[in-house]
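Asker: dropping a prediction and its sequence here:
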Amino acid sequence: MRFKSYLAKPFALYIYKQIKRSMRTALADQLSIFSSLIKTGMQTEFGKEHHFEDIKSHADFVKNVPIREYEDFKVYIDKLKQGKQNILWKGFPIYFAKTSGTTSGIKYIPITKESIPNHINTARNALSCYMAQTGNSLFANGKMIFLSGSPELERIGGIPTGRLSGIVNHHIPSYLRSNQLPSFETNCIEDWEEKLSKIVDETVNEDMTLISGIPPWIQMYFDELQKRTGKKIKDIFPEFSVLVQGGVNFEPYKAKLFESIGKKIDTIEFYPASEGFFAFQDSQHDEGLLLNTDSGIFYEFVPVEEISNKNPARLTLKDVELNKNYVLIISSNAGLWAYNIGDTIRFVSLNPYRLVVTGRVKHFISAFGEHVIGEEVEDALLKVADAENINITEFTVAPNISNTGDKSFHEWFIEFEDVPLNLASFAKKVDDNLRKKNIYYDDLIKGNILHPLKIRVVKKNGFINYMKSVGKLGGQNKVPRLSNDRKLASALSHWLQNTQPEAIK
């Protein structure tokens, strides 16, 4: 056993014991974080405007601080850009994490001296749990790749600004620097295709043991490696044993990734965002991701069906229930207060608190009142794909609203590894699964309001070409699973394999 893996084991066990302890103190830790946040927030412009001095309980907080999205925070962010301090948190942010917005365009999320450990230590904690449970620490001796955004930072109002993954890159511990790939110069390349080619150049002959990134971009890396060598990943990197992934649901990509690798290996899932690192996979056996309850973030949970209400229920951790969909709301030591992340989650365990991400608040289809969410379409499709041994490369779903008197329907745009021989039968099975998952959709089909779903086959690399066409190839960019409009569907029309949708007969 070499030096790094030898040292990693006792450290991993130490961290693992701390995490096991925090599982038992989750509710107390949340109360402590809440009190600490309010105390510090009193010193800020935001805290004074919202009378933090009067907040003695969560009920007071709900009364004084409404739920906000990024657009509602922009006035405060703009003041930080102007060089003003003590606005959302004490002093100045040490970074702005730059990320794509919706109606607001680019978002600038503050990261403070107090919040940066959340982003750094959570990844360490996940790897420590893995090492402590499996005993596998040998990967620490090999090369590790983190498919991330550029670490080059600009300055906005004097504050270093860049992609979160690029910011985190500056905080990788020195003892891992010699293991890290790609090089700083390659990581700074903005063009994804050029960057990917250079990454392959630098890694194809190395001893890669851990590979990390968003699943679709990991797959692109694997595809390029196989194109260069004609080999499976296991034969290129014999010691490759850990795949770290996050950002999207892993299930739609898992089969193809493992096929490219040529064997099943251990995976570790992260739930990071520019606003905070919320959860991580702490177990190779239990479902869900462990909520980060002791890392400077106070959580609230709004039942999905209430998020559009004027005064929705705002539950704390002690009030959540199993198998209910909630919108995640956070307040943190980055200076975010009752901030709507835009994600929906569902708890699969309350002891400890483990969750799965079920979709995005704005990524759903409810053109006809069905409110179909990401988790439902993924489950409906993957059950059929798994049963028929069909690999899905990528997919998205949009409503097709008829203006001619014909029935409307959900239109599925799917890029298959190999198109099913009987596409109509495949579509019917997916539709049947979705009807079982969503009673509102089932009622619309039964009532002859909607036609069963139709599938359009997207050409090979169609989604990649689409992402390239809109300047979102690589990095942390993801294809939305669901849209409530036709923008993405219309754009994909350039990359269809067939001209007519495949309907259920």
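Answerer: Nice, I can see it.

Asker: name the next helix or strand following the helix or strand K428 falls within along the chain.
Answerer: K428 is part of helix 423-437, with elements assigned from DSSP states H and E. On the C-terminal side of helix 423-437, the closest following helix or strand by DSSP H and E is helix 439-446.

Asker: so for that following helix, what gets flagged as buried?
Answerer: Of all the residues in helix 439-446, those buried under the rule 16 or more other CB atoms under 10 Å are Y441, D442, L444, I445. C-beta: built from backbone N, CA, C; applies to glycine.

Asker: related to what we said a few turns ago, show me what the helix holding K428 is packed against.
Answerer: Contacts defined by 3 or more CB pairs under 8 Å, 6 or more residues apart in numbering; DSSP states H and E place helix 423-437 against helix 374-387, strand 408-416, helix 439-446, strand 450-457, strand 502-503.

Asker: now do it: everything it contacts.
Answerer: 372, 376-377, 379-381, 383-384, 387-388, 390, 410, 412, 420, 441-442, 445, 452-455, 457, 502-505 (CB atoms under 8 Å, 6 or more residues apart in numbering).

Asker: pLDDT on that helix, on average?
Answerer: Helix 423-437 shows a mean pLDDT of 94 in the predicted model.

Asker: that one: how far from the chain's middle?
Answerer: Distance of helix 423-437 from the chain centroid (CA atoms, centre = their mean, to the nearest Å) equals 27 Å.

Asker: just give me the neighbour total for Q18.
Answerer: Per other CB atoms under 10 Å, the neighbour tally for Q18 reads 12.

Asker: what pLDDT is listed against it?
Answerer: Looking at Q18, the pLDDT reads 94.

Asker: list the contacts of the nearest residue to E411 once chain neighbours are set aside.
Answerer: Nearest non-adjacent residue to E411, counting by CB to CB, 6 or more residues apart in numbering: N400, 4.3 Å away. The contact partners of N400, taken as CB under 8 Å, 6+ apart, are S408, F409, H410, E411, K454, R486, A489.

Asker: which one of those residues is nearest Q18?
Answerer: Proximity to Q18 was ranked across these by CB to CB; first place goes to H410, at 46.2 Å.

Asker: can you tell me how far the closest one is from I455?
Answerer: Between H410 and I455 the computed distance is 10 Å (CB to CB, to the nearest Å).

Asker: closest to I464 out of the helices and strands packed on helix 423-437?
Answerer: The minimum distance between I464 and the helices and strands packed on helix 423-437 falls on strand 408-416, with 8.9 Å, by CB to CB.

Asker: hey, what's the angle from that closest one to helix 423-437? Just curious.
Answerer: In terms of direction (axes from the mean of the first three to the mean of the last three CA atoms, to 10 degrees), strand 408-416 departs from helix 423-437 by 120 degrees.

Asker: elements contacting strand 408-416?
Answerer: strand 392-400, helix 423-437, strand 450-457, helix 487-492.

Asker: the third one - contacts with which helices or strands?
Answerer: With contacts defined as 3+ CB pairs under 8 Å, 6+ apart, strand 450-457 has these neighbours: strand 408-416, helix 423-437, helix 439-446, strand 502-503.

Asker: could I get those as JSON lines with distance to E300?
Answerer: JSON lines is the format used below for the helices and strands packed on strand 450-457 (distance: least, CB to CB, whole Å):
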{"stretch": "strand 408-416", "distance to E300": "32"}
{"stretch": "helix 423-437", "distance to E300": "27"}
{"stretch": "helix 439-446", "distance to E300": "26"}
{"stretch": "strand 502-503", "distance to E300": "43"}
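
Asker: what's the closest of these to P215?
Answerer: Distance to P215, taken as CB to CB, is lowest for strand 408-416 among those, at 14.1 Å.

Asker: what pairs with the closest one, parallel or antiparallel?
Answerer: According to DSSP bridges, strand 408-416 forms sheet pairs with strand 392-400 (antiparallel), strand 450-457 (parallel).

Asker: run through the stretch 351-500 of the chain and note the low-pLDDT ranges.
Answerer: 404-405, 474-476, 498-500 (pLDDT under 70).

Asker: longest strand of this structure?
Answerer: In the chain, assigned by DSSP state E, the strand with the most residues is strand 339-350.

Asker: so which residues make contact with that strand?
Answerer: 67-70, 73, 273, 275, 278, 286-288, 301, 304, 307, 320-332, 353-362, 373-375.

Asker: who's in contact with the helix or strand following it?
Answerer: Next along the chain after strand 339-350, taking DSSP H and E as the criterion, comes strand 353-360. Residues outside strand 353-360 that contact it (CB under 8 Å, 6+ apart): 23, 26, 249, 271, 279, 282, 286-291, 293, 317, 320, 325, 342-348, 373-375, 480-482.

Asker: cutoff 6 Å now
Answerer: 26, 288-291, 325, 342-348, 373-375 (CB atoms under 6 Å, 6 or more residues apart in numbering).

Asker: equivalent analysis for stretch 109-116, please.
Answerer: Against stretch 109-116 from outside (CB under 6 Å, 6+ apart): W89, P93, I94, Y95, A97, S274, E275, G296, N333, A334, G335.
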